[in-house]
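[1] Sequence first, then the predicted structure, then my questions.
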Amino acid sequence: MLVAGLPGAGKSTLLDRLYGLRGDETGPAVCGPVRVIDSRQARNWWDLRLAAVPPRLRVPLVNGTHVWRIARAVRAGHPVVAHTRGTWPLLLHGFAWLARRRGGAVHLILIDVDPATARAGQLSRGRVVAPSVFARHCRRWTPLMERARTGALPPAAGVTVLTRSAAAGLDKIEFDVPAHGVR
């Protein structure tokens with residue numbers, strides 16, 4: 001399960017609420033059979049090791065570590081709930097390919113908020129992405145949402161589009177975990 005949205009849409013807030021994340025974790029959280037993976041975990045891990053390096057230079061390490069952690073958990077056959085911006089099509093295809101190899105599938109929860117609301121979310125948490133980066137995400141998000149609303153969003157096996165208020169009303173994500181592994 002990938003939870004996607006523009007930076008500031010409320011992805012981490014949703015994972016915090018559903019899984020009791022504190023925001024200071026440095027690795028994936030294990031919640032029963034589920035691995036909960038938020039990009040903050042990779043950021044926190046690298047912050048401990050590279051505090052003297054400007055944050056902008058740590059971004060590729062953080063993103064690479066985050067993607068690697070998701071791929072590793074999926075490859076191991078764990079049910080995964082992971083935060084992703086959702087605007088990188090190659091990652092969606094890669095995670096779907098890994099999940100299919102393990103007999104599973106990728107499902108998406110898309111938190112759809114307008115750019116102004118997402119920007120306000122960034123400001124409220126004190127982590128603002130550069131305007132050019134945010135604009136790039138917005139340009140990619142619009143066609144992604146158009147495809148999701150028409151049901152044409154391969155390779156996802158299922159797509160759920162939520163507003164921020166609907167995401168706030170979500171109280172759990174359940175997995176059907178048979179004895180032999182993930183379905």
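    Arrived safely, thanks for sending. Numbering: from 1, shown residues only.

[2] what separates the residue sitting furthest away from the middle of the chain from P155, distance-wise?
    When distances to the mean C-alpha position of the chain are computed (C-alpha atoms, centre = their mean), the maximum falls on A52, with 26.9 Å. A52 sits 40 Å away from P155, going by C-beta to C-beta, to the nearest Å. Just so you know, the C-beta spots here come from the backbone N, C-alpha and C atoms, and that holds for glycine as well.

[3] do the same with A116
    To P155, A116 is 31 Å away according to C-beta to C-beta.

[4] Could you check which of those two is surrounded by more residues?
    For A116 versus P155, the count of surrounding residues by other C-beta atoms under 10 Å is larger for P155: 15 against 9.

[5] Skip ahead from the lengthiest helix in the chain and say which helix or strand is next.
    Counting by DSSP state H, the longest helix found in the chain is helix 55-75. Next along the chain after helix 55-75, taking DSSP states H and E as the criterion, comes strand 80-84.

[6] how about the CA coordinates for that following strand, as CSV?
    The C-alpha atoms that make up strand 80-84 are tabulated as CSV, following Å, rounded to 0.1, in the frame of the first residue of the first chain:
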residue,chain,number,x,y,z
VAL,A,80,3.9,-2.6,3.6
VAL,A,81,2.3,0.8,4.1
ALA,A,82,4.7,3.4,2.7
HIS,A,83,4.7,7.1,2.2
THR,A,84,5.6,8.3,-1.3
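
[7] pLDDT weak spots in the protein?
    Low-confidence segments of the chain, defined by pLDDT under 70: 86-87, 177-183.

[8] And the helices in it, which stretches?
    Shown for the chain, the helices assigned by DSSP H span residues 11-19, 39-49, 55-75, 89-101, 115-125, 131-149, 164-169.

[9] Contacts for the fifth one, please.
    Same thing as helix 115-125. Helix 115-125 is contacted from outside by 5-10, 12-13, 113, 128-129, 134, 138, 164, using C-beta atoms under 8 Å, 6 or more residues apart in numbering.

[10] Kindly calculate the angle that it makes with helix 39-49.
    The directions of helix 115-125 and helix 39-49 differ by 40 degrees, with axes from the mean of the first three to the mean of the last three C-alpha atoms, to 10 degrees as the criterion.

[11] Give me the buried positions along helix 115-125.
    Judged by neighbour count using 16 or more other C-beta atoms under 10 Å, the buried positions of helix 115-125 are 115, 118-119, 121-122.

[12] Show me which of these is closest to R56.
    Compare each of the buried residues of helix 115-125 with R56 using C-beta to C-beta and the shortest gap goes to Q122, at 15.5 Å.
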